[in-house]
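Novice: Predicted model and sequence follow; I will ask about them next.
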Amino acid sequence: MEAPAPWRVLEFYSGIGGMRYSLMASAVRAEVVEAFDINDVANDVYEHNFSHRPFQGNIQTLTASDLDKYKAHAWLLSPPCQPYTRQGLQKQSADARAFSFIKILNLMQDMSCPPQMLFVENVVGFEVSDTHDQLLEVLSSLNFNTQEFILSPLQFGVPYSRPRYFCLAKRDPMRFRNASVNNKLLRTPMCLSLTLNISDNSECQTEEELETVCKPIKDFLVKEAGGGIRNESVLHDYLVPINLIERWGNAMDIVYPGSKRCCCFTKSYYRYVKGTGSLLATSENLEWVPEEKLEISSLKELGLRFFTPREVANFHSFPASFHFPDHISLRQQYAMLGNSLSVAVVGPLLRYLFAEA
Ligand SMILES: C[S@@+](CC[C@H](N)C(=O)[O-])C[C@H]1O[C@@H](n2cnc3c(N)ncnc32)[C@H](O)[C@@H]1O
């Protein structure tokens with residue numbers, strides 16, 4: 001018997017391709033027929049890794065007939081999160097950065113063949129926004145069932161705290177494998193492990209419990225070809241300057257190779273040290289000291305360094321084959337990684353979305 005044709009997928013706000021890597025990790029038979037992003041630097045990275053340059057332009061300019069032409073079964077979308085972040089102004093749908101998402105959502109109602117499946121990723125906070133209300137209204141008007149999740153890589157064994165909001169939607173007559181959680185917002189991946197036979201940490205209730213079952217950070221560090229951790233002197237460029245330690249030492253999140261959790265890397269990591277992601281203590285013979293007890297003088301002895309872009313990509317569970325082209329600056333690399341997503345989380349979610357009931 002002939003294998004069924006692969007699902008046709010559109011990847012909106014494609015950035016450096018986190019959704020595409022997740023789709024590959026999900027092992028779903030799917031083909032990304034087009035990706036869309038306005039940022040030419042992100043598109044350079046995407047093209048470098050996937051030999052396909054995304055459609056470069058503003059998603060807001062697309063029309064229903066443009067979208068119909070792709071005959072896509074599924075849309076994957078990770079729109080800008082600034083309108084919803086706690087640190088921002090939270091203008092939600094009134095923020096110009098939300099316009100393109102709202103526009104294509106509404107276009108679905110004018111299409112002759114709208115997608116049958118939809119996947120949206122955003123920051124925690126999106127679920128209480130007016131954009132979220134609009135998303136659910138449009139989906140319900142087109143007879144979609146939805147299941148929503150807030151999940152973090154910690155729940156999948158990765159020592160990385162990055163909770164994110166996800167909306168999965170399937171259009172009648174398609175059904176979710178576990179329809180009993182339709183229209184619910186779930187905070188554990190239990191329904192994925194039950195229906196897909198994948199391992200996760202759903203039995204853990206708190207972040208502390210999750211940390212005990214995660215792998216240590218040292219498993220995610222840059223490795224020599226032989227497998228050992230690379231001589232730290234090679235990583236000199238990544239050392240945190242002393243003046244930053246003096247100024248911000250008490251506000252830094254410091255982790256050790258044996259730690260089982262690090263903080264979310266944002267797009268400002270490496271430019272700023274406060275609240276943008278964890279720093280790694282690299283001195284030999286380190287003894288863990290509670291952060292509140294660390295004096296600035298002892299902080300200077302920890303050999304603090306930034307995680308490298310490759311290591312941040314490891315925390316995002318990107319494959320080893322992912323590379324930045326040579327012309328992308330270090331700051332740009334961190335900025336694009338900070339905007340991206342966790343393949344360890346999105347991969348299983350996509351597998352669940354595409355799974356037949
Ligand atoms: C949150 S990031 C998504 C990152 C992506 N999922 C990844 O793995 O790298 C949002 C992306 O949307 C792009 N973007 C923002 N507004 C856009 C618009 N109106 N049209 C097209 N792309 C846009 C940005 O350039 C950025 O790459």
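Specialist: Here it is on my side, so go on. Numbering: from 1, shown residues only.
Novice: Lys260 touches Ile217, doesn't it?
Specialist: Yes. Lys260 is in contact with Ile217 according to C-beta atoms under 8 Å; the separation is 7.2 Å. Where you see a C-beta, it was placed from the backbone N, CA and C, and this is true even at glycine.
Novice: neighbour count winner among those two?
Specialist: Neighbours per residue, other C-beta atoms under 10 Å: of Lys260 and Ile217, the larger number sits with Ile217, 23 against 20.
Novice: Now for that one: which residues touch it?
Specialist: Residues counted as contacts of Ile217 (C-beta atoms under 8 Å, 6 or more residues apart in numbering) are Pro159, Val255, Tyr256, Pro257, Gly258, Ser259, Lys260, Cys262, Leu280.
Novice: Could you rerun that using 7 Å?
Specialist: Going by C-beta atoms under 7 Å, 6 or more residues apart in numbering, Ile217 touches Pro159, Val255, Pro257, Ser259, Cys262.
Novice: May I see the buried residues of the one helix or strand Gly338 maps to?
Specialist: Per DSSP states H and E: Gly338 is located in helix 330-339. Of the residues in helix 330-339, Gln332, Gln333, Tyr334, Ala335, Met336, Leu337, Gly338, Asn339 count as buried by neighbour count, 16 or more other C-beta atoms under 10 Å.
Novice: who touches it?
Specialist: With contacts defined as C-beta under 7 Å, 6+ apart, helix 330-339 is touched by 15-16, 41-42, 45, 265-271, 309, 312-313, 316, 324.
Novice: And the next helix or strand past the strand or helix carrying Ser193?
Specialist: Using DSSP H and E, Ser193 sits within helix 190-196. Sequence order places helix 207-213 as the next helix or strand after helix 190-196, per DSSP H and E.
Novice: And the contacts of that next one?
Specialist: Outside helix 207-213, the residues within contact range by C-beta under 7 Å, 6+ apart are Leu154, Gln155, Gly157, Ser161, Asn201, Cys204, Lys260, Arg261.
Novice: any idea which of the residues you listed is closest to the ligand?
Specialist: Distance to the ligand, by C-beta to the nearest ligand atom, is smallest for Ser161 among the contacts of helix 207-213, at 17.9 Å.
Novice: Which residues of the chain lie near the ligand?
Specialist: Taking C-beta under 6 Å from any ligand atom, the part of the chain that reaches the ligand is made up of 13-19, 36-39, 42, 58-60, 78, 80-81, 100, 336, 339-341.
Novice: follow-up on the earlier one: find residues that contact each of Lys260 and Ile217.
Specialist: Contact criterion C-beta under 7 Å, 6+ apart; residues bridging Lys260 and Ile217 by contacting each: Pro159.
Novice: What's the separation between Tyr160 and the ligand?
Specialist: Look at Tyr160 and the ligand: by C-beta to the nearest ligand atom, to the nearest Å, they are 15 Å apart.
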